[in-house]
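Undergrad: fold the following for me, if possible:
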Amino acid sequence: MRPTALTLDDDEPDLVPAVARRPLIARLISARGLAMRLYLTALYESQVRQRPGSVHTNDRPLWPSAPDDIGWVGLLAVTAKVSAKGRSAMDNRLRQVKSAIDRLVREDAATLPAADRARDKYERFLLRNDGGVQPGLPAEEHYVTPRRNEGVDIPVEFYTKNWLHCLTDSEIALWLTLRLLAIEHPAAARESGVFMSDGTRRHRFGLTRDAYESHAALRLFGLIKGVDNGPRWRAGRSAQLREQGLVEPLHFVLDDRVLSDSATDVVSEVLRYRIK
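TA: Just a heads-up that it's a prediction; the model follows:
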């Protein structure tokens, strides 16, 4: 059983804002689909290819036309096989990537400059500003690669060691959220650990209770560690105690050392152990 962050009634509603009002990463959480992975891969690809402060461009094809080229399909861990409708594995991989682009466009995270072209509609898709879109306000312009000390720092090993493709969307979203909190509270990140209250989880980050509880998997993989802050108050089924703030959230410290290990090896070992 996964440990829970709060001792809430099982039947108590998790009052997370409507999907449209959640931050982009929370909106992209899905049990299936590639939207979050494509988005984060596109951010990384832009940053390693372009200078800081540059407006995002995209000349990479979806599917390479030459053997030495790498298309977007090749940058993502896409599993596909021949379908019952006769589609080839290549066609199915390409279809999944196009579906992910459609999802980013619906979330105002990307645009399609060639949208009027039936054949090349998805080529040269562009990312929007990663600051997100607020309800009732126009979408920001295209993504600009961050300068030094801007944004959330993500170690390159998150990509090169395949962590992006081995974690679930919920695990990725929570891990990024904790990284942001660590930047905002550096002293706590080093000592007592960062945490988020139930209200912060729901209203600032738009994470459901299930998404938050993915901290159990992150701890098993070694990406975060729980901090022992002494006895925690137990609210039980008393709403009054919860309202008084007597439920102590779990505290976490990030441990980036494990990122240097192969995500495939780490996750496979943990899952084999859990199955046994």
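Undergrad: show me the shaky parts of the stretch 151-276 of the chain.
TA: Scanning the stretch 151-276 of the chain for pLDDT under 70 picks out the ranges 229-248.
Undergrad: rerun that using 50 as the cut-off
TA: By pLDDT under 50, the weakly predicted segments of the stretch 151-276 of the chain are 233-242.
Undergrad: so where do the helices sit in it?
TA: Per DSSP state H, counting those that start in this stretch, the stretch 151-276 of the chain carries helices over the ranges 157-160, 163-166, 169-184, 186-190, 198-199, 209-212, 215-221, 239-243, 263-275.
Undergrad: so for residue 149, which of those sits nearest?
TA: Using Cβ to Cβ as the measure, helix 169-184 is the one of the helices of the stretch 151-276 of the chain that comes nearest residue 149, at 9.5 Å. Heads up, the C-betas are built off the backbone N, CA and C, glycines and all.
Undergrad: max-length helix in this structure?
TA: helix 89-106 (DSSP state H).
Undergrad: list the buried residues for it?
TA: By 16 or more other Cβ atoms under 10 Å, the buried positions in helix 89-106 come out as 92, 93, 94, 96, 97, 98, 100, 101, 102, 103, 104, 105.
Undergrad: out of those, who's nearest residue 75?
TA: Using Cβ to Cβ, the shortest approach to residue 75 within these belongs to residue 97, at 9.3 Å.
Undergrad: surely the closest one touches residue 76?
TA: Yes. At 6.5 Å, residue 97 and residue 76 qualify as touching, with contact defined as Cβ atoms under 8 Å.
Undergrad: list the contacts of residue 114.
TA: If a contact means Cβ atoms under 8 Å, 6 or more residues apart in numbering, then residue 114 has 120, 121, 122, 123, 124 as its contacts.
Undergrad: ok, of those, which come out buried?
TA: Among the contacts of residue 114, the ones that count as buried (16+ other Cβ under 10 Å) are 122, 123.
Undergrad: give me the lowest-pLDDT entry from the contacts of residue 114.
TA: The pLDDT minimum for these sits at residue 120, where the score is 89.
Undergrad: just say helix, strand or coil for residue 127.
TA: Here residue 127 is recorded as strand under DSSP: H, G, I helix; E, B strand; the rest coil.
Undergrad: list the beta-bridge partners for it.
TA: residue 110 (DSSP bridges).
Undergrad: domains of this protein?
TA: Per automatic domain parsing, the structural domains of the chain span 32-127, 168-275.
Undergrad: got a markdown table for these, with distance to residue 151 too?
TA: Output for those, formatted as a markdown table (distance: least, Cβ to Cβ, whole Å):
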| stretch | distance to residue 151 |
| --- | --- |
| domain 32-127 | 9 |
| domain 168-275 | 9 |
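Undergrad: from residue 88, how far off is residue 262?
TA: Look at residue 262 and residue 88: by Cβ to Cβ, to the nearest Å, they are 30 Å apart.
Undergrad: also residue 250?
TA: Residue 250 sits 47 Å away from residue 88, taking Cβ to Cβ as the criterion.
Undergrad: more neighbours: which of those two?
TA: Using other Cβ atoms under 10 Å, the more surrounded residue of residue 250 and residue 88 is residue 250, with 19 against 12.
Undergrad: I'd like to know how far the more buried one sits from residue 164.
TA: Residue 250 is 24 Å from residue 164, by Cβ to Cβ.
Undergrad: do residue 189 as well
TA: Distance from residue 189 to residue 164, counting by Cβ to Cβ: 22 Å.
Undergrad: cool, and residue 104?
TA: Distance of residue 104 to residue 164, given as Cβ to Cβ: 16 Å.
Undergrad: same check, this time on residue 61
TA: Going from residue 61 to residue 164 by Cβ to Cβ gives 21 Å.
Undergrad: then residue 153?
TA: 15 Å.
Undergrad: now tell me what touches stretch 210-229 from outside.
TA: Taking Cβ under 8 Å, 6+ apart as the rule, stretch 210-229 contacts 2-5, 26, 29, 163, 167-168, 170-171, 173-175, 178, 192-193, 196, 201, 248, 250-259, 266-267, 270, 274.
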